[in-house]
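[1] no sequence for this one, just the structure:
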């Protein structure tokens, strides 16, 4: 363990970032309850009291991890999807960036995907915020896709919300599939998903409907 | 509170079922950690020591809740999907039954969807088993759909697994959308999802591929 005395002086922002990076690794590996702040302090090369001084509590540390992981994920998605191209191409690039992020930042993804210490409201709220910011990015792209696709005017915000919700849920679930199929690149996984969802959506936008033969749906 | 003495004698299976029904309500309402066994005993009209005698521990009680909820969900899906019809129709009926189950059995769905007390391995394993049994049902239907669709022979188990994983993830996520859109019936939600996913899949099976213009995908 490196003691505080031997450490160089760092700006607060940089030091906090180092602590949160260490916390991400420990929480991802041990789970929220089993993780101990001593190990996080060790890994960050700082004393335990200093960790509390900077971040306040184990719960706050976890909230900071969720926030950092979500920001990194949304930034990766947004940067990849941010171009002058068609919405479908932007969505594909965004999804590719999402799967690449999951493959490259396992610790962040474990925090966002698997960790939900239910007794902490602060953590539940931060996870909810994270999900909402991802949803907002995807919903925006889907809405542009609907608009620019010259689609049926009856399609409204609830429809874009539906597609985005299905897409985010599918992508979330498919990260486990990607783990089971390591030969598939993030780009290929995104392409498969585009083929399942976008192609279907385009047909629906074009007026083609699947309906159960003989059944009437209210 | 009804005391044990005033209760009629019941077969063990029936009594356990009553306790688990009570536990489902309390766990769904309070969350795992805040739930207390006293309240479960009260609701089941039985003494607390009897609850422990029948189910062993709070953790075991929760595991029993997960198991019962998952069995009820899988049974509802399987019964609806069990017919001599085409796979697509069976899938739609299964999905309708899934969304109807979620709408009608909120407590069970809260247990399966939102509750993951991460520090209990027994609970995590039971939730994993629940997810796998739902996935197995859906994967089986998708595989039949691929086979009977006379699809490309290159499509294999990993492809059916991909579609099933995306479908289960999308359906999971869409239960929140359904809650935000109470005017939509479970049948309509299932129909929307079929239109998004099955139509796309059918095109892909028919050899139509979406590919990013100008991009090459490795």
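    Nice, I can see it. Keep in mind the model is a prediction, meaning the values are calculated, not measured.
[2] For the helix ranked longest in chain A, name the packing helices and strands.
    When chain A is parsed with DSSP state H, its longest helix is helix A:121-148. Under the contact criterion of 3 or more CB pairs under 8 Å, 6 or more residues apart in numbering or on different chains; DSSP states H and E, helix A:121-148 touches helix A:58-81, helix A:87-104, helix A:157-180, helix A:186-205. C-beta: built from backbone N, CA, C; applies to glycine.
[3] In it, which residues are buried?
    For helix A:121-148, the neighbour count (16 or more other CB atoms under 10 Å in any protein chain shown) marks A:123-124, A:126-127, A:130-131, A:134-135, A:137-146 as buried.
[4] thinking again about what came up before, looking at the helices and strands packed on helix A:121-148, which is nearest to residue B:33?
    Smallest distance to residue B:33 across the helices and strands packed on helix A:121-148 (CB to CB): 13.7 Å, for helix A:58-81.
[5] where's that closest one relative to the chain centroid, distance-wise?
    In terms of CA atoms, centre = their mean, to the nearest Å, the centre of helix A:58-81 is set 7 Å apart from its chain centre.
[6] Show me how chain A divides into domains.
    By the assignment in automatic domain parsing, chain A contains the domains A:1-56, A:64-205.
[7] Format these as CSV; extra columns: mean pLDDT.
    Formatted as CSV, the domains of chain A follow (pLDDT from 0 to 100):
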stretch, mean pLDDT
domain A:1-56, 86
domain A:64-205, 83
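[8] ok, the residue nearest the centre of chain A to residue B:168 distance?
    Centroid check for chain A by CA atoms, centre = their mean gives residue A:73 as the closest residue, at 5.0 Å. Distance of residue A:73 to residue B:168, computed by CB to CB, to the nearest Å: 22 Å.
[9] got a markdown table for the helices and strands packed on helix A:121-148, with distance to residue B:49 too?
    Converted to a markdown table, the helices and strands packed on helix A:121-148 look like this (distance: least, CB to CB, whole Å):
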| stretch | distance to residue B:49 |
| --- | --- |
| helix A:58-81 | 35 |
| helix A:87-104 | 47 |
| helix A:157-180 | 41 |
| helix A:186-205 | 52 |
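[10] So for stretch A:79-87, what gets flagged as buried?
    A:80-81, A:87.
[11] Next one: residue A:121 from residue B:158, what distance?
    In terms of CB to CB, residue A:121 sits 40 Å off from residue B:158.
[12] Quickly compare the domains of chain A and say which is most buried.
    Mean neighbour count (mean count of other CB atoms under 10 Å in any protein chain shown) peaks for domain A:64-205 among those, with a mean of 19.
[13] That one: how far from the chain's middle?
    So, by CA atoms, centre = their mean, the centroid of domain A:64-205 is 7 Å from its chain's centroid.
[14] Would you mind confirming that residue A:169 is in contact with residue B:165?
    No. Look at residue A:169 against residue B:165 with CB atoms under 8 Å: they stay out of range, at 10.5 Å.
[15] and residue A:65, how far is that from residue A:71?
    11 Å.
[16] let me fix that: residue A:26
    19 Å.
[17] Next: residue A:16.
    13 Å.
[18] Grab the nearest non-local neighbour of residue A:181.
    residue B:158 (5.8 Å; CB to CB, 6 or more residues apart in numbering or on different chains).
[19] was I right about the one you found contacting residue A:183?
    No. Using CB under 8 Å, residue B:158 is not in contact with residue A:183; the gap is 9.3 Å.
[20] I am assuming residue A:162 contacts residue B:174, so please confirm or correct that.
    Yes. Counting by CB under 8 Å, residue A:162 does reach residue B:174; the two are 7.1 Å apart.
[21] Is there any residue in stretch A:13-23 that contacts chain B?
    No. Figure legend: stretch A:13-23 not in contact with chain B (CB under 8 Å from any CB of the partner chain); closest approach 15.9 Å.
[22] which residues are contacting that stretch?
    A:10, A:35, A:40-41, A:43-46, A:51, A:54-55, A:61-62, A:64-65, A:68 (CB atoms under 8 Å, 6 or more residues apart in numbering or on different chains).
[23] Closest one of those residues to residue B:178?
    Looking across these and measuring by CB to CB, the closest to residue B:178 is residue A:62, at 30.0 Å.
[24] From residue A:74, how far off is that closest one?
    Residue A:62 is 19 Å from residue A:74, by CB to CB.
[25] For the closest residue to the residue nearest to the centre of chain A other than its chain neighbours, give me its contacts.
    Distances taken as CB to CB, 6+ apart put residue A:101 closest to residue A:73, at 5.5 Å, once the chain neighbours are dropped. Residues in contact with residue A:101, defined by CB under 8 Å, 6+ apart, are A:72-73, A:76-77, A:108-109.
[26] next one: residue A:24
    A:65, A:68-69, A:107-108, A:111.
[27] wait, residue A:25 sits on residue A:43?
    Yes. With contact defined as CB under 8 Å, residue A:25 reaches residue A:43; the gap is 6.5 Å.
[28] Please name the residues that touch residue A:193.
    Counting by CB under 8 Å, 6+ apart, residue A:193 has contacts A:95, A:167, A:170-171, A:174, B:166.
[29] And these, which two are furthest apart?
    Farthest pair in those, by CB to CB: A:95 and B:166, 11.7 Å.
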